[in-house]
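have a look; sequence and predicted model below, questions after that.
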Amino acid sequence: MVTRLYSHPIYLEHLTPPGHPERPDRLRAVERVLEDEKFSYLDRVQAPEGDPATILYAHPQPFVDKVRAAIPAEGIHKVDSDTSVSPRSWQAAITAIGAANAAVDDVFSGAADNVFVASRPPGHHAEKTTAMGFCLFNNAAIAARHAQKAHGAERVAIVDWDVHHGNGTQDIFWDDPSVLYCSTHQMPLYPGTGALNETGVGNIVNAPLAPRTGSDIFREAFGTRVLPAIEDFAPDLIIISAGFDAHHRDPLAEINLVEDDFDWATGQLMESASRHANSRLVSLLEGGYDLHGLAFSVAAHVGRLMRG
């Protein structure tokens, strides 16, 4: 398997207030753990700058203009109570989108079998017209549309195992049967969406998990709700919204997963991609706020992508 890794120093320049959980040290922790010798065969590529026009795949122009206008010349500006921007945030966000779209190009061209994008800011809480939950633009949604527009993908599946429900992705694809959105997440928890009865046009599959859920229940939910939905949908591409804040060490939630759970879930999705999508799989970093839990969960995830 050829596994490509996209990252860029610009992601460290998206600054948040002191003490904020979504901080540059998250990527530093990921970079350190992926320096281990067992990752020496990773195909490491600097993320390209994205085309701002592709943001319109998921968000209207007035919203894009509003976000860009919020970027301060200096200091940190709050977009909402927990989402901030700093002078280099636009460039970081555009480069996160560029990496996600390039990853899609890679798996369709055969340049890589799968790709992990280590970027920030994250994206899955960004709704069509609302930046929230540390997110400015919805990277996964834009990448899914890019697959459809640039590569003729008829069906794209987005699987979100971040501990917080991806309300933004659900909002964007609520009435679009060409995109399947599946999510495991703690409930109740921010942002308050993701109930079983939120089904869109039959393309939304939520698997809410109670606080203190462990590996067994997570794997059962994944195996009985997410994987069968993917089988029925038979996607041309699988995109993972790969948040690692369901790890038992994470301070923002109460789900008790371990690194091996992310290894297992990755393997399950790789098998689905092999059956339906010519192994095309793209993984985009979302949450994960305990640096140890994040780093070693990413290591398990990327290690599985490399092993096949």
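All right, it came through fine.

CA only for contacts and neighbour counts going forward, please
OK.

list the residues that contact residue 187.
194-195, 208-211 (Cα atoms under 8 Å, 6 or more residues apart in numbering).

out of the residues you listed, which sit inside strands?
208-209 (DSSP state E).

which of the contacts of residue 187 lies closest to residue 261?
residue 209 (14.6 Å; Cα to Cα).

the strands in the stretch 1-150 of the chain, which residues?
Assigned by DSSP state E, counting those that start in this stretch, the strands in the stretch 1-150 of the chain fall at 3-7, 43-46, 77-78, 84-85, 114-117.

same list (those) but as TSV, adding mean pLDDT, distance to residue 296 and mean neighbour count.
Listed next are the strands of the stretch 1-150 of the chain as TSV, based on pLDDT from 0 to 100; distance: least, Cα to Cα, whole Å; neighbours: other Cα atoms under 10 Å:
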stretch	mean pLDDT	distance to residue 296	mean neighbour count
strand 3-7	98	16	23
strand 43-46	98	19	13
strand 77-78	96	31	16
strand 84-85	98	27	26
strand 114-117	98	15	28
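
what's the closest of those strands to residue 17?
Here strand 84-85 is closest among the strands of the stretch 1-150 of the chain (Cα to Cα), at 7.7 Å.

what's next to that closest one, contact-wise?
14-17, 70-72, 76-79, 134.

turn the strands of the stretch 1-150 of the chain into JSON lines, columns for distance to residue 130.
Output for the strands of the stretch 1-150 of the chain, formatted as JSON lines (distance: least, Cα to Cα, whole Å):
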{"stretch": "strand 3-7", "distance to residue 130": "25"}
{"stretch": "strand 43-46", "distance to residue 130": "29"}
{"stretch": "strand 77-78", "distance to residue 130": "13"}
{"stretch": "strand 84-85", "distance to residue 130": "13"}
{"stretch": "strand 114-117", "distance to residue 130": "23"}
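
can you tell me which of these comes nearest to residue 260?
strand 114-117 (17.6 Å).

in PDB, list the C-alpha atoms belonging to stretch 63-81.
Only the C-alpha atoms of stretch 63-81 are listed here, as PDB (Å, rounded to 0.1, in the frame of the first residue of the first chain):
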ATOM      1  CA  PHE A  63     -20.400  33.200   3.900                       C
ATOM      2  CA  VAL A  64     -16.900  32.800   2.400                       C
ATOM      3  CA  ASP A  65     -16.600  36.600   2.300                       C
ATOM      4  CA  LYS A  66     -17.700  36.900   5.900                       C
ATOM      5  CA  VAL A  67     -15.000  34.500   7.100                       C
ATOM      6  CA  ARG A  68     -12.300  36.200   5.100                       C
ATOM      7  CA  ALA A  69     -13.400  39.600   6.400                       C
ATOM      8  CA  ALA A  70     -13.100  38.300  10.000                       C
ATOM      9  CA  ILE A  71      -9.400  37.600   9.600                       C
ATOM     10  CA  PRO A  72      -7.600  40.200  11.700                       C
ATOM     11  CA  ALA A  73      -4.400  42.000  10.700                       C
ATOM     12  CA  GLU A  74      -3.000  41.100  14.200                       C
ATOM     13  CA  GLY A  75      -4.000  39.300  17.300                       C
ATOM     14  CA  ILE A  76      -6.900  36.800  17.600                       C
ATOM     15  CA  HIS A  77     -10.500  37.500  16.700                       C
ATOM     16  CA  LYS A  78     -13.400  35.300  17.900                       C
ATOM     17  CA  VAL A  79     -15.900  34.100  15.200                       C
ATOM     18  CA  ASP A  80     -18.100  32.600  17.900                       C
ATOM     19  CA  SER A  81     -17.600  31.700  21.500                       C
END
